[in-house]
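>>> coordinates only, sequence not included:
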Ligand SMILES: Cc1ncc(COP(=O)(O)O)c(C=O)c1O
């Protein structure tokens, strides 16, 4: 049999009619199978849309699974997979079917200690009737070509890693993301051909390094639609960006009796710097409460806003719950009382289109490592007029125009905020990551991840004793939960034994977990390279734990 002309549907039919041993022994290797599968599905009459639903071909069992309709009946053998494939005729479940499935009576979990969910606000149900309500989730029907998860997985070498005898399932994307080969190669190229300090030297490599560094700044400006790349400041990450604003602009413009508003959802990085500023200046910290689903309560936020409000700083996506806050509306509300707004986009930029001009935020901050770029590099976007009036927070080389013992004249932004030798190579790597993501298309990413999240939330909430934490109507990526009778550490260990990486703990967001009566959760979090199969593996381990506990207690 020629592998070059492999016809997968013919192969499936032959296997089902009893020819499987011979055929399976003639199978090509995994890479070839993946390539052929991509080719086959992309030639389907619906333009290959089905590719989003087909799980990865694994190295142990090429036809081991297709995306299951029900996670109670997981096909585990080649034969089962092939018959499922034949039965479904490639008409795999899409979002519409999944929405029908989750709207079944009794399918809605109880949220919060003793608080019954209203049901209607489980995010994908509400989203079904309110399509387009949230500008960040709206318009996911994309002009991009179909998204092929198998192709993108091949771009991330670490996803082939084996952990405890299993293929790695990386479901810890809210903590950090994996890096595509394009980023790894770009870093290597920088160190092989361009490495130099920037801006100052009169030689070829300095010119190359400066071009690469400033080129990355341009890419970032385009990615977030900043009017000018001089509004993009390189920092170590989100934490440093928030501290920069607190310790420079904050110290200059916030005084006694002024008020700073944050939300209950915040990561510690967006709490502590403001607490410190309040302690130093006598300003007051106010907190927007959230409802039992984990969404900010806009009516309460409105009550907090007044003429003393100088700053509102909040997250666009909660790292602990996945809630997508109504950022656009919240920013407009803050501006109506003359307050400035810092938007923490650490958890949103890799999942949603983030456009600083549409949002009209005054600052936007994010970390490179959470968007497929290197660690130790991040971004502070600030409106030009704000950066201009803000004093630098650190002094040293690179940020000066002229120095005498009497006084120093600073460079204009962004150099004014980049004292010392920066993380040049990783800034270049971040540029490569954003170019890579732009090629895939953030709308494709958002749509695919949304379908994965719908599937995962549905599967998890059906497990007896499992409580989902964070069921807001607008949500992305994160599926926090606790399992009755098991510590979160136990669940994390069991998953790790099965090669599945999730985060357990307080996720540096203790206030929001305590709002739900918890100190820790298990937090699987998705990226666009995750598959339905990986979610099935997660669910199977949690179910097994839950069953074993039941057997033990009977
Ligand atoms: C919402 C949010 N803000 C801020 C941070 C801090 O990011 P970093 O540690 O990269 O500075 C994180 C990290 O998890 C986060 O999720």
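Sure thing, it's come through. Just so we're clear, the structure is a prediction, and the values are computed from it rather than from any experiment.

>>> tell me which residues touch residue 465, please.
483, 484, 485, 546, 549 (Cβ atoms under 8 Å, 6 or more residues apart in numbering). Heads up, the C-betas are built off the backbone N, CA and C, glycines and all.

>>> next, residue 355: phi, psi?
phi -120, psi 110 (degrees, to the nearest 10).

>>> actually residue 441, not the one I typed
The phi and psi torsions at residue 441 (degrees, to the nearest 10) take the values phi 100, psi 110.

>>> how much space separates it from residue 352?
According to Cβ to Cβ, to the nearest Å, residue 441 and residue 352 sit 12 Å apart.

>>> and those two? Which one has more around it.
residue 352 (26 against 18; other Cβ atoms under 10 Å).

>>> touching, the more buried one and residue 442? I think so.
Yes. In terms of Cβ atoms under 8 Å, residue 352 counts as a neighbour of residue 442; the distance is 7.1 Å.

>>> which bits of this protein sit near the ligand?
Residues of the chain lying near the ligand by Cβ under 6 Å from any ligand atom: 237-239, 267, 269-270, 315, 319, 344, 346-347, 367, 508.

>>> if we can go back for a sec, got the contacts of residue 465 as a markdown table, with secondary structure, neighbour count and pLDDT columns?
As requested, the contacts of residue 465 are exported to a markdown table (DSSP: H, G, I helix; E, B strand; the rest coil; neighbours: other Cβ atoms under 10 Å; pLDDT from 0 to 100):
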| residue | secondary structure | neighbour count | pLDDT |
| --- | --- | --- | --- |
| 483 | strand | 23 | 98 |
| 484 | coil | 11 | 96 |
| 485 | coil | 13 | 96 |
| 546 | helix | 19 | 90 |
| 549 | helix | 16 | 71 |
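
>>> nearest to residue 248 among those?
Nearest to residue 248 among the contacts of residue 465 is residue 483, at 44.3 Å by Cβ to Cβ.

>>> quick one, what contacts that closest one?
Contacts of residue 483 (Cβ under 8 Å, 6+ apart): 463, 465, 466, 467, 491, 522, 542, 545, 546.

>>> and for residue 231?
Residue 231 sits in contact with 221, 381, 382, 383, 384, 387, 413, 414, where contact means Cβ under 8 Å, 6+ apart.

>>> try it again with 6 Å
Neighbouring residues of residue 231 by Cβ atoms under 6 Å, 6 or more residues apart in numbering: 381, 382, 384.

>>> give the buried subset of those as a ChimeraX selection command.
Selecting only the buried entries of the contacts of residue 231 in ChimeraX, with 16 or more other Cβ atoms under 10 Å as the criterion:
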select :381,382
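
>>> of the contacts of residue 231, which is the nearest to the ligand?
residue 381 (14.8 Å; Cβ to the nearest ligand atom).

>>> which helix or strand contains the nearest residue to residue 216 once chain neighbours are set aside?
Take residue 216 and drop its neighbours on the chain: the residue closest to it by Cβ to Cβ, 6 or more residues apart in numbering is residue 431, 3.0 Å away. In this assignment (DSSP states H and E), residue 431 forms part of helix 424-440.

>>> now the next helix-or-strand element following that helix against helix 424-440, angle please.
Counting by DSSP H and E, the element after helix 424-440 in chain order, helix or strand, is helix 442-461. Interaxial angle, helix 442-461 versus helix 424-440 (axes from the mean of the first three to the mean of the last three Cα atoms, to 10 degrees): 80 degrees.

>>> and helix 442-461, what other elements does it pack with?
Using 3 or more Cβ pairs under 6 Å, 6 or more residues apart in numbering; DSSP states H and E, the elements in contact with helix 442-461 are helix 95-102.

>>> show me where the stretch 301-450 of the chain has its strands.
309-315, 340-344, 363-367, 378-382, 400-403, 408-410 (DSSP state E, counting those that start in this stretch).

>>> which one of the contacts of residue 465 is nearest the ligand?
Nearest member of the contacts of residue 465 to the ligand, counting by Cβ to the nearest ligand atom, is residue 483, at 22.9 Å.

>>> next one: the closest one from residue 282, what distance?
Residue 483 is 45 Å from residue 282, by Cβ to Cβ.

>>> likewise for residue 225?
With Cβ to Cβ as the criterion, residue 225 and residue 282 are 37 Å apart.

>>> repeat that for residue 435.
Relative to residue 282, and taking Cβ to Cβ, residue 435 is found at 46 Å.

>>> more neighbours, the two?
For residue 435 versus residue 282, the count of surrounding residues by other Cβ under 10 Å is larger for residue 435: 17 against 12.

>>> quick check: closest non-adjacent residue to that one.
In space, residue 435 is closest to residue 219, 5.9 Å off (Cβ to Cβ, 6+ apart).

>>> what distance do you get for the one you found to residue 268?
30 Å.

>>> which of these two has more neighbours?
residue 219 (20 against 16).

>>> any idea which element that one lies in?
With DSSP H and E as the test, residue 219 turns up in helix 204-224.

>>> partners of the next helix or strand along the chain from that helix in the sheet?
Downstream of helix 204-224, the next assigned helix or strand under DSSP H and E is strand 232-235. Strands that pair with strand 232-235, judged by DSSP bridges, come out as strand 378-382 (antiparallel).

>>> which residues touch the strand it pairs with?
Contacts for strand 378-382 (Cβ under 6 Å, 6+ apart): 220, 224, 226, 231-233, 235-238, 241, 244, 356, 363-368.

>>> and it, how far from the chain's centre?
Put simply, strand 378-382 sits 18 Å off its chain's centre (Cα atoms, centre = their mean, to the nearest Å).
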